[in-house]
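> give me a 3D structure for the following:
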Amino acid sequence: MGLFSKKKGPKEELKQNLEEKAEFQNLYQIYLLFEEKPVKPEAGIIRTALEETFGAIDIVSPSPALTSFAVKKYLAQFKDGALPPQVVMGDVQEFRQDSIDAFSRSQLWDVADGDALLERCRYEIFLFDMMASVLEYKERCEMMMDWMETAVRLFPDCTAVWVKPAGKLFTADQIREHRIPREDRFVYFGVNARLFNISGSDDKVVDTLGLYAIGLPDVQYHFRGLEPQAVVNHAYNVASYLYDADAPVKSGETIDGIADGQLSREVQWKCQYEDALIQPVRVVMDICPGEYAAGHRE
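Numbers count the residues shown, from 1 in each chain. All right, here's what the predicted structure looks like:
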């Protein structure tokens, strides 16, 4: 399938890498990006900031290379007992521009000029979680969103934030200043609704990227004749529903579709689980938009 992003012209056709697979993230990865080399705080200062967010915190490792903290607010249940999950901060590293490829850069919808923003960045700090993959997924997402916000507050000189599992880029000020309800943060920051034109046709694909990382299905639409922004909005609404309700929709069931650009109960769209059309390889919930459907479905 030849395709190009809505942000690209036909002469810059994107090439898919169908060897790239999206799998459940045992370590959820977020990167802080900087224009100038930052000074990483010592472990005690980071712990104090974490305590303001989470309450009781233990320093697991004060090493600057990987500074880790046990978040005692949560308990991860293992076969041999329960332990608090950890949040981890890596050391300052050089940011490699080629670590975010052209395919990902074509889908940076949350900033005015993603390429220009990334070009300014020269350093990175890696955030992730440990022993958190067994948490109930909403607890894990809450912890990671709080960790991201706490880390950004620790670095006033942070320029941007790259949420790698979603392929989503934000300015640091978007993280600092947002007013997103706590329960909606993961879908806002951790799920990317992407839009592609299919070359040589009027077909378009909208899909989400990010729910796979926490064990839920992303969604996908292959369509023509619908306003793309209405489909993107629908995708975010469905992603929120799947996140809120632990993906209750089964293959063959229907959900509310779009009429006159708005969500409508009068229109029902059939869902089925299948392999994604667009990289990375993963199982998605394909939503067939009735008379606007493109492509072939079983």
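> residue 197 - that's part of a helix, no?
No: counting by DSSP: H, G, I helix; E, B strand; the rest coil, residue 197 is not part of a helix but strand.
> now residue 174, nearest residue through space, not along the chain?
residue 110 (7.0 Å; CB to CB, 6 or more residues apart in numbering). C-beta coordinates here come from the backbone N, C-alpha and C atoms, glycine included.
> and the one you found, how far is that from residue 162?
As judged by CB to CB, to the nearest Å, residue 110 and residue 162 stand 11 Å apart.
> what does residue 181 give?
Distance of residue 181 to residue 162, computed by CB to CB: 23 Å.
> those two: who's more crowded?
Using other CB atoms under 10 Å, the more surrounded residue of residue 181 and residue 162 is residue 162, with 23 against 8.
> quick one: furthest residue from the center of this protein?
Within the chain, residue 80 marks the point farthest from the mean C-alpha position, 31.7 Å out by CA atoms, centre = their mean.
> what helices or strands is the longest strand belonging to the chain leaning on?
Counting by DSSP state E, the longest strand found in the chain is strand 262-275. Applying 3 or more CB pairs under 8 Å, 6 or more residues apart in numbering; DSSP states H and E, one finds that strand 262-275 makes contact with helix 228-245, strand 254-259, strand 283-288.
> who wins for proximity to residue 267 among those?
strand 254-259 (3.6 Å; CB to CB).
> report the buried residues of that closest one.
Neighbour-count burial for strand 254-259, counted by 16 or more other CB atoms under 10 Å, picks out 255-258.
> check stretch 200-208 too.
Residues 203-208 are the ones in stretch 200-208 that count as buried (16+ other CB under 10 Å).
> same question, stretch 229-239
230-236, 238-239.
> pLDDT averaged over stretch 166-184 - what is it?
Across stretch 166-184, pLDDT averages out at 98.
> per-residue confidence at the residue nearest to residue 167 when sequence neighbours are not counted?
Setting aside the residues directly before and after it, residue 167 is nearest to residue 104 in space (CB to CB, 6+ apart), at 4.6 Å. Predicted confidence (pLDDT) for residue 104: 96.
> residue 104 and residue 14, how far apart?
From residue 104 across to residue 14, the span is 10 Å (CB to CB).
> please apply the same query to residue 268.
Distance, residue 268 to residue 14, by CB to CB: 32 Å.
> also residue 33?
Residue 33 is 23 Å from residue 14, by CB to CB.
> any stretches of the stretch 1-150 of the chain with poor pLDDT?
Residue ranges of the stretch 1-150 of the chain with pLDDT under 70: 1-12.
> where along it do the helices fall?
43-54, 102-105, 114-120, 137-154 (DSSP state H, counting those that start in this stretch).
> surely residue 25 and residue 163 touch.
No: counting by CB atoms under 8 Å, residue 163 is not a contact partner of residue 25; they are 11.1 Å apart.
> and the two? Which one has more around it.
Neighbour totals were compared for residue 25 and residue 163, and residue 163 leads with 26 against 20 (other CB under 10 Å).
> quick check: bridge partners of the more buried one?
Beta-bridge pairing for residue 163 (DSSP bridges): residue 30, residue 168.
> please identify the most buried of the helices of the stretch 1-150 of the chain.
Among these, helix 137-154 has the highest mean neighbour count (mean count of other CB atoms under 10 Å), at a mean of 20.
> how far does that helix sit from its chain's centre?
Relative to the chain's own centre, helix 137-154 is displaced by 13 Å; criterion: CA atoms, centre = their mean, to the nearest Å.
> same question for stretch 252-272.
25 Å.
> now do it, average pLDDT.
pLDDT averaged over stretch 252-272 gives 95.
> so residue 17 sits against residue 103, correct?
Yes: between residue 17 and residue 103 there is a contact under CB under 8 Å: 7.4 Å.
> identify the residue spatially nearest to residue 57, adjacent ones excluded.
residue 50 (4.6 Å).
> residue contacts, that neighbour?
When contacts are counted by CB atoms under 8 Å, 6 or more residues apart in numbering, residue 50 touches 57, 69, 71, 87, 147, 150.
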